[in-house]
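*Asks:* structure for this input, please:
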Amino acid sequence: MSTAEFYDGLAPLYHLIFEDWEATVARQGAQLAALIAEHWGGDARSVHDAAVGIGTQSLGLLARGYRVTASDLSAAAVARARGEAARRGLRLPCAVADFRAVPVRSESVDVVLVADNALPHLDSEAEIRGALEEWRRCARPGGGCLVTMRDYGAPPPPGTVQVRPYGERVWAGRRYHVQQTWTWRGPGYDVALEIAPVDAATAEPVRTFTASYLAIAPARVAALMSEAGFSGVRRIDDRFFQPVLVGTQPR
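*Replies:* Alright, predicted model coming up:
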């Protein structure tokens with residue numbers, strides 16, 4: 001299953017990853033807005049979300065008055081993000097695009113946002129640096145890039161299997177058990193995300209979606225941000241549910 005296929009299949013159910021998706025949208029919007037204002041000033045109001053998914057971060061920023069455009073590799077996710085924005089009376093211009101080729105003009109946005117561990121879907125440090133260079137192209141001088149990602153440490157031995165349960169979720173009157181299973185293969189790992197109905201009477205099948213990640217440490221991504229031309233690169237903890245990396249496009 002390719003990364004696009006993973007998110008295409010998951011798009012209708014992605015909110016089940018969160019205990020309360022609507023509350024998460026509001027909370028993350030507030031957290032990201034505070035980070036953007038602190039690092040690029042109150043006038044930094046235009047954001048391109050280059051891994052929009054179903055809109056978890058973009059919707060929260062739109063609700064706080066930010067001008068947000070978005071893109072994502074998954075056509076199904078883009079369609080859902082647009083629909084979720086419309087349902088809230090918001091407008092989210094959104095395109096299907098790989099974040100290694102962002103569909104915006106050079107130096108046209110204040111901040112490029114890539115959240116929720118999207119960057120480590122790339123297979124190598126060379127690809128990650130290339131993506132970071134592309135995001136620097138998009139940011140205006142004095143603006144920058146904000147990345148959130150998992151806090152990876154040293155990988156366990158190849159073949160190690162780790163189960164990471166999200167717990168039980170309720171949606172449309174039905175209960176689901178959601179969990180991830182990680183299977184390690186050197187510096188990377190494969191994820192099987194399983195969404196299983198709990199109620200025995202339902203005929204709904206268990207759904208399993210698979211994807212791969214590179215377990216690159218935030219410190220290494222920060223170094224690659226500097227190599228890609230961002231200045232003032234730093235890691236921020238305890239402000240978001242994942243570590244945050246910020247870097248500024250030099251004036």
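*Asks:* what about E133, how many neighbours?
*Replies:* Around E133 there are 16 other residues, counting by other C-beta atoms under 10 Å. Yep, even glycine has a C-beta here, placed from its N, CA and C like the rest.
*Asks:* could you do Y152 as well?
*Replies:* When neighbours are counted by other C-beta under 10 Å, Y152 registers 20.
*Asks:* quick one: it is in a helix?
*Replies:* No. Under the criterion used here (DSSP: H, G, I helix; E, B strand; the rest coil), Y152 is coil, not part of a helix.
*Asks:* now it. Nearest residue, chain neighbours left out?
*Replies:* Nearest residue to Y152 in three dimensions, chain neighbours excluded: A215, at 4.3 Å (C-beta to C-beta, 6 or more residues apart in numbering).
*Asks:* contact partners for the one you found?
*Replies:* A215 is in contact with P120, R150, Y152, P155, P187, G188, Y189, counting by C-beta atoms under 8 Å, 6 or more residues apart in numbering.
*Asks:* can you do 7 Å?
*Replies:* Neighbour list for A215: Y152, P155, P187, G188, Y189 [criterion: C-beta atoms under 7 Å, 6 or more residues apart in numbering].
*Asks:* likewise S74?
*Replies:* So S74 contacts A4, Y7, D8, A11 (C-beta under 7 Å, 6+ apart).
*Asks:* any idea how far L193 is from the second one?
*Replies:* I take that to be Y7. Distance check for Y7 against L193: by C-beta to C-beta, to the nearest Å, it reads 11 Å.
*Asks:* neighbour count: these two, which is higher?
*Replies:* Neighbour comparison, Y7 and L193: the larger count goes to Y7, with 26 against 22 (by other C-beta under 10 Å).
*Asks:* which helices and strands sit right next to whatever helix or strand that one lives in?
*Replies:* Secondary structure from DSSP states H and E places Y7 in helix 3-10. Using 3 or more C-beta pairs under 7 Å, 6 or more residues apart in numbering; DSSP states H and E, the elements in contact with helix 3-10 are helix 75-87, strand 207-214.
*Asks:* still on that earlier bit, just the buried members of the contacts of A215?
*Replies:* Buried members of those, counted by 16 or more other C-beta atoms under 10 Å: Y152, G188, Y189.
*Asks:* turn those into JSON lines, columns for pLDDT.
*Replies:* What follows is the buried ones among the contacts of A215, written out as JSON lines (pLDDT from 0 to 100):
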{"residue": "Y152", "pLDDT": "97"}
{"residue": "G188", "pLDDT": "97"}
{"residue": "Y189", "pLDDT": "98"}
